[in-house]
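In: fold the following and give me the result.
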Amino acid sequence: MGFFLYKLSFFFKIQYESHKLSLYYQVLVGLVNTLTTVLALVIIDKVGRKKLVYYGVSGMVVSLILIGLYFLFGDSLGVSSLFLLVFFLFYVFCCAVSICAVVFVLLSEMYPTKVRGLAMSIAGFALWIGTYLIGQLTPWMLQNLTPAGTFFLFAVMCVPYMLIVWKLVPETTGKSLEEIERYWNRSEQ
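Out: Numbers count the residues shown, from 1 in each chain. The predicted structure is shown next:
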């Protein structure tokens, strides 16, 4: 998500050549992210972790495809760059309401008590390494794959995430940590 905050100002500087306007859009993205994260914390136990991932990642795929289409056809069709802002905000909403909130809840629930601290540390470290790599590779991808190709690739990268959650991750909503641990122990046998 950090990439989007950085690149949003870049894209809007190009579109509007206004530093103040691009900063306004960054604040807007931060506000949407914050409010949606609070919403996710309120609804995560009511809706369920997996449903939030399904809805959120589906929305992320749609928004990433729309962003890619904007970069492919936006100028030639005369589409306002405000659509780009709307697509970015929709992406931020979908990401914040789903994987940004759910991943840390799932990490805290899915490991047995005796290894939870170490396992969460390793998983968190792996998440940050992935975030770093995306941040480092994105400028190269934008240049070599074009902006449209980059966002289409990001959309494709969301699909395995949803499949992994669907096939391998149990719904933990409403279950105690002991019940979840029993599930994993039963799955090993």
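
In: alpha carbons of the helix or strand where Lys167 lies, as CSV, please.
Out: For Lys167, the element it lies in under DSSP states H and E is helix 146-168. The C-alpha coordinates for helix 146-168 follow below in CSV (Å, rounded to 0.1, in the frame of the first residue of the first chain):
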residue,chain,number,x,y,z
THR,A,146,4.3,0.1,-18.4
PRO,A,147,1.9,1.4,-15.7
ALA,A,148,-0.9,-0.6,-17.3
GLY,A,149,1.1,-3.8,-17.3
THR,A,150,2.2,-3.3,-13.7
PHE,A,151,-1.3,-2.9,-12.4
PHE,A,152,-2.5,-5.8,-14.4
LEU,A,153,0.3,-7.9,-12.9
PHE,A,154,-0.7,-6.7,-9.4
ALA,A,155,-4.3,-7.8,-10.1
VAL,A,156,-3.1,-11.3,-11.2
MET,A,157,-1.0,-11.5,-8.0
CYS,A,158,-4.1,-11.1,-5.9
VAL,A,159,-5.7,-14.3,-7.2
PRO,A,160,-3.3,-16.8,-5.5
TYR,A,161,-3.9,-14.9,-2.2
MET,A,162,-7.6,-15.6,-2.5
LEU,A,163,-7.1,-19.2,-3.5
ILE,A,164,-4.7,-19.8,-0.5
VAL,A,165,-7.2,-18.3,1.9
TRP,A,166,-10.1,-20.4,0.3
LYS,A,167,-8.3,-23.7,0.3
LEU,A,168,-5.8,-23.6,3.3
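
In: check which helices and strands the helix or strand following it is in contact with.
Out: Proceeding N to C from helix 146-168, the next assigned helix or strand is helix 177-188, under DSSP H and E. Helices and strands touching helix 177-188, by 3 or more Cβ pairs under 8 Å, 6 or more residues apart in numbering; DSSP states H and E, are helix 99-110. All C-beta spots, glycine's among them, are computed from the backbone N, C-alpha and C.

In: may I see the buried residues of the helix it packs on?
Out: Buried positions in helix 99-110, judged by neighbour count with 16 or more other Cβ atoms under 10 Å: 99-103, 105-107, 109-110.

In: equivalent analysis for stretch 78-91, please.
Out: 84-85, 87-91.

In: and that stretch, how far from the chain's centre?
Out: 17 Å (Cα atoms, centre = their mean, to the nearest Å).

In: what does stretch 32-49 give?
Out: Taking Cα atoms, centre = their mean, one finds stretch 32-49 lying 13 Å from the centre of the chain it belongs to.
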